[in-house]
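J.: Sequence and computational prediction follow.
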2 protein chains.
Amino acid sequence: MTVYTAGDIADMEKRFRANFINSISGFKSANLIGTVNQNGETNLAVFSSVVHIGADPPLIGFIMRPISVERHTYQNIISKGLYTINALPFAMKKDGHKTSAKFHDGASEFDETAFSARMNDFGVPVVAESAVALTCELRSDQLLEVNKTRLIIGEIKEVQLNPTFLQSDGFYDLAKAGVTVISGMDSYHSAEDGIRFSYAKPDQEITTLTE
Amino acid sequence: MTVYTAGDIADMEKRFRANFINSISGFKSANLIGTVNQNGETNLAVFSSVVHIGADPPLIGFIMRPISVERHTYQNIISKGLYTINALPFAMKKDGHKTSAKFHDGASEFDETAFSARMNDFGVPVVAESAVALTCELRSDQLLEVNKTRLIIGEIKEVQLNPTFLQSDGFYDLAKAGVTVISGMDSYHSAEDGIRFSYAKPDQEITTLTE
């Protein structure tokens, strides 16, 4: 085992440190956030920081980098109050990565990639190719003082999914649905079939759940 | 595709909704958080909500459920100001899941599972079996008003990892290191080898990075 101190990390070359710190915290979700601006122009961007906040009410968060440059996703979420979070299909991982490019103003990632926008009843674009798409209403936009990033929290107002992958107890099988896993800043993975365990109790053997 | 409205979600049976909402937001990291109380007793608990906050300074966050019941991990982090975040080895997934059981007071998960504690120079337990372990210093403890969960942010003070899986540009290969992916509340996955893409630019073909 190798040990890196805080000093070692501070001394790392900037890009090396970004790769290092972004990968050591573990695997991450791969979601495309879909938004629309006041002119009706759509935007789509890949995010790996989506995090579960709560089930009742159904709340979901993600981290937005500092608003020191123009950030379409953020501006659109604030102006519209609604957005979509769409699972990235592993078969379209390269298109997902491509949404991180800085396209010129007025260019929609939906035109620049193979993703198709379906405008839903809330007036926000759902990724038609996604195996699970959530329409969210902005509930909280919190500045994190530690580094000026923001925690954006939304309440899930609509879920669109492929029922083939929904199990009888509410578990949605992301592995079978072909949803992507991200690690670091640029590594895209598929996941093997999962093993589900029974609710853990102190003096009870844990068993494997099967559908 | 099936569509669920906010009303459909509100009407779901409690456990079904928990499985449903916890799985639709995407894959999650599997980390064991190691702490110690004022009597020197260790604690270890699995968390799937660890999220990257920033690389410079190196900051990492996770969501803590409401402190309406006794939560050893939280109490220990507040009293000590230091804790460890350890990647869960896929080979030990059942032990990882077992740390979620409510053991009686005074019982350490390090005794109840196969994980070994190595007390480091900061006086907090590192999981010896983990391919990457981070020692964090508490930087921020923020109540999220939307549902009374908390966002805990720490600064990485030390990293211990297996250098075999560290690439020359700082990327740490979690898939080769055998680190676990979680989905939903109880599903444990391994990840296939990742495909790394070059930095995305508007008018440039994305290429595959190889070590």
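T.: That came through, no problem.

J.: what's in contact with stretch A:68-77?
T.: Stretch A:68-77 has contacts (CB atoms under 8 Å, 6 or more residues apart in numbering or on different chains) with A:33, A:35-37, A:43, A:45, A:64-65, A:67, A:83, A:138, A:141, A:148, A:150, A:152. (Each C-beta comes from the backbone N, C-alpha and C, glycine too.)

J.: Just those: which are in strands?
T.: Among those, DSSP state E puts A:Ile33, A:Thr35, A:Val36, A:Asn43, A:Ala45, A:Met64, A:Tyr83, A:Leu138, A:Asp141, A:Arg150, A:Ile152 in strands.

J.: Quick check, the last one in contact with A:Glu137.
T.: No: applying CB atoms under 8 Å, one finds A:Ile152 not in contact with A:Glu137, separated by 11.4 Å.

J.: Between those two, tell me which one has more neighbours.
T.: Neighbour totals were compared for A:Ile152 and A:Glu137, and A:Ile152 leads with 25 against 17 (other CB atoms under 10 Å in any protein chain shown).

J.: who's in contact with the more buried one?
T.: A:Ile152 makes contact with A:Gly61, A:Phe62, A:Ile63, A:Met64, A:Tyr74, A:Ile77, A:Leu138, A:Ser140, A:Asp141, A:Gln142 under the criterion CB under 8 Å, 6+ apart.

J.: ok, the spatially most central residue of chain A to chain B distance?
T.: With distances taken as CA atoms, centre = their mean, A:Asn31 lies nearest the centre of chain A, 3.1 Å away. Note on A:Asn31: its distance to chain B, by CB to the nearest CB, to the nearest Å, is 6 Å.

J.: Can you give me every residue that contacts A:Arg150?
T.: Counting by CB under 8 Å, 6+ apart, the residues that A:Arg150 touches are A:Ile63, A:Met64, A:Pro66, A:Ile67, A:Tyr74, A:Asp141, A:Gln142, A:Leu143, A:Leu144.

J.: Please identify the helix or strand for the fifth one.
T.: Under the criterion DSSP states H and E, the helix or strand holding A:Tyr74 is helix A:72-80.

J.: Just read off the phi/psi values of the closest residue to A:Ser79 other than its chain neighbours.
T.: In this structure, A:Ser79 finds its nearest non-sequential neighbour in A:Gln38, 5.7 Å apart by CB to CB, 6 or more residues apart in numbering or on different chains. Main-chain dihedrals, A:Gln38, degrees, to the nearest 10: phi -70, psi -20.

J.: got the residue ranges for the helices in chain A?
T.: Here chain A has its helices, by DSSP state H, at A:6-11, A:14-24, A:72-80, A:93-98, A:109-112.

J.: anything in stretch A:120-139 near chain B?
T.: Yes: shown here: stretch A:120-139 in contact with chain B (CB under 8 Å from any CB of the partner chain) through A:Val132, A:Leu134, A:Arg139.

J.: what does stretch A:46-61 give?
T.: Yes: Stretch A:46-61 is in contact with chain B by CB under 8 Å from any CB, via A:48-61.

J.: Same question for that stretch: list its buried residues.
T.: Within stretch A:46-61, the residues scored as buried using 16 or more other CB atoms under 10 Å in any protein chain shown are A:46-55, A:58-61.

J.: Nearest residue to A:Met1 in space, please, no chain neighbours.
T.: Leaving out its chain neighbours, the residue that sits closest to A:Met1 by CB to CB, 6+ apart is B:Gln160, at 5.2 Å.

J.: Then A:Thr208?
T.: Going by CB to CB, 6+ apart, A:Thr208 has A:Ile195 as its nearest residue, at 6.0 Å.

J.: quick one: the one you found and B:Asp186 touch, right?
T.: No: contact criterion CB under 8 Å: A:Ile195 and B:Asp186 do not qualify, at 9.1 Å.

J.: Those two: which has the busier surroundings?
T.: Comparing A:Ile195 with B:Asp186 by other CB under 10 Å, the one with more neighbours is B:Asp186, at 23 against 17.

J.: what's near enough to touch A:Ala107?
T.: A:Ala107 makes contacts with B:Pro202, as judged by CB under 8 Å, 6+ apart.

J.: B:Glu158 versus that one, what's the distance?
T.: According to CB to CB, to the nearest Å, A:Ala107 stands 44 Å off from B:Glu158.

J.: Chain B versus A:Gln38, what's the distance?
T.: Using CB to the nearest CB, we find A:Gln38 at a distance of 23 Å from chain B.

J.: Show the pLDDT at the spatially closest residue to A:Thr73 that is not a sequence neighbour.
T.: Residue nearest to A:Thr73 in three dimensions, not counting chain neighbours: A:Ala45, with 5.0 Å by CB to CB, 6+ apart. pLDDT, A:Ala45: 97.

J.: what about A:Ala45, neighbour count?
T.: A count of neighbours around A:Ala45, defined by other CB under 10 Å, yields 19.

J.: Thought A:Ser100 was touching it, still the case?
T.: Yes: using CB under 8 Å, A:Ala45 is in contact with A:Ser100, at 6.8 Å.

J.: Quick one: residues contacting A:Phe165.
T.: By CB under 8 Å, 6+ apart, the contact set of A:Phe165 is A:Ala131, A:Tyr172, A:Asp173, A:Leu174, A:Lys176, A:Ala177.
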